[in-house]
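Engineer: turn this into a structure:
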Amino acid sequence: MRFTLVTIAALASSAAAVGHAVVKNNCQDTVYLWSVGGAVGPKVTLGQGGQYSEQLHRDPASGGIAIKMTKVNDGLYTGAPEQIFAYSLDNDKTWYDMSTVFGEPFKGQHLKVICGGGGTIDWPNGVHPGGSQVKVCSSKNDVIFTACA
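Structural biologist: Sure, this is the predicted structure:
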């Protein structure tokens, strides 16, 4: 019984050791973001120097999470250009990428996604540079998107 409790406690603590998805806004423009999985989360407003963070998690309906950003208030609902920072938690790994829809809201601005021990996604001019953008790292690490890096 003692071994079982120790084992369960160790497994629970290792499962809780999950990183965060972080968005940093170093741009002068205000950025509006929504965390979207099977449902749309509340709008978050980030001014210059603002930061948003959520614990990495798996959405039971969609599997992954898309953090959708616009430079237009309520842009998610008006067809404004969207920057998408997406991730999918897969046991001990986090898969992440970056894309856009309806245009390129950060065109001309440096975008970067980093994760310790994983690959870097770097868009020096705020536009997709071509090729695969999907990267992977340990789920224990934070995955950090920086606008105006």
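Engineer: ok, Thr45 touching Thr30?
Structural biologist: Yes. Counting by Cβ atoms under 8 Å, Thr45 touches Thr30, with 6.3 Å between them. Where C-beta positions appear, they are placed from N, C-alpha and C, glycine not excepted.
Engineer: more neighbours: which of those two?
Structural biologist: Taking other Cβ atoms under 10 Å, Thr45 and Thr30 do not tie; Thr30 has more neighbours (15 against 12).
Engineer: what's the burial count for the nearest residue to the more buried one once chain neighbours are set aside?
Structural biologist: Nearest residue to Thr30, sequence neighbours excluded (Cβ to Cβ, 6 or more residues apart in numbering): Gly47, at 5.4 Å. Neighbour count for Gly47, taken as other Cβ under 10 Å: 11.
Engineer: now swap in the one 10 residues further on and tell me
Structural biologist: His57 sits with 14 neighbouring residues when counted by other Cβ under 10 Å.
Engineer: would you mind measuring from the closest residue to it other than its chain neighbours to Lys43?
Structural biologist: Nearest residue to His57 in three dimensions, chain neighbours excluded: Leu89, at 6.1 Å (Cβ to Cβ, 6+ apart). Distance, Leu89 to Lys43, using Cβ to Cβ, to the nearest Å: 23 Å.
Engineer: the more surrounded of the two?
Structural biologist: Neighbour tally, Leu89 and Lys43, criterion other Cβ under 10 Å: the higher count belongs to Leu89, 21 against 15.
Engineer: and the strands in this structure?
Structural biologist: 20-25, 31-36, 44-46, 51-55, 65-70, 82-90, 93-101, 111-115, 121-123, 135-138, 143-147 (DSSP state E).
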